[in-house]
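Novice: Could you look at this predicted model? Sequence included:
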Amino acid sequence: MAIENFFDHTCNIFHLRSEGKSPGFGLPAAPEFKYDADPDLAGVACHFHVKGFSPSFKEQSPHTDMDGSEKLSLPAGTDVRINDKIVDLTTSVEYTAGVPRNIRDHHIAVQLHRTTAQRAL
């Protein structure tokens, strides 16, 4: 079985951008981190693992928030970085990427974190 057959999902990858604007008076710029509206990598073949998914729930007003983590596998050579926003195109759920691990130049494994508002870890 080829590894390409393993990647049965698709996702969009947004790289975290650092922008800063000086308030003037010779003060340095304070960094602001954000994601662009358009993905840096669109329609990337991937595989979201569901085994061992154990979310935590927090009762908030007006709704309950779900936090959790799961694993993502990507083809070798995919430009994925820590704190990238990953969007599952099937469910539209957003995740924040952990440290990408190159598995023997075969594929890339990334731990994903699901939070209410996607933010840098």
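Specialist: Structure's in. What do you need?
Novice: strands paired with the lowest-mean-pLDDT helix or strand in the chain, and their directions?
Specialist: Across the helices and strands of the chain, mean confidence by mean pLDDT, DSSP states H and E is lowest for strand 56-59: a mean of 72. Strand 56-59 has these partner strands in its sheet, going by DSSP bridges: strand 64-75 (antiparallel).
Novice: List phi and psi for the residue lying closest to Asp40 once chain neighbours are set aside.
Specialist: Counting by Cβ to Cβ, 6 or more residues apart in numbering, Asp40 lies nearest to His15, which is 4.7 Å off, once chain neighbours are set aside. The C-beta positions use only the backbone N, C-alpha and C, and glycine is treated the same way. The phi and psi values for His15, taken as degrees, to the nearest 10, are phi -80, psi 140.
Novice: swap in Ile3?
Specialist: Backbone torsions of Ile3, given as degrees, to the nearest 10, read phi -60, psi -30.
Novice: now do the one 10 residues further on
Specialist: The phi and psi values for Ile13, taken as degrees, to the nearest 10, are phi -120, psi 130.
Novice: Next, the contact list for it, please.
Specialist: In this structure, Ile13 makes contact with Pro39, Asp40, Leu41, Val44, Thr78, Asp79, Val80, Asp84, Lys85, Ile86, judged by Cβ atoms under 8 Å, 6 or more residues apart in numbering.
Novice: Thanks a lot, catch you later.
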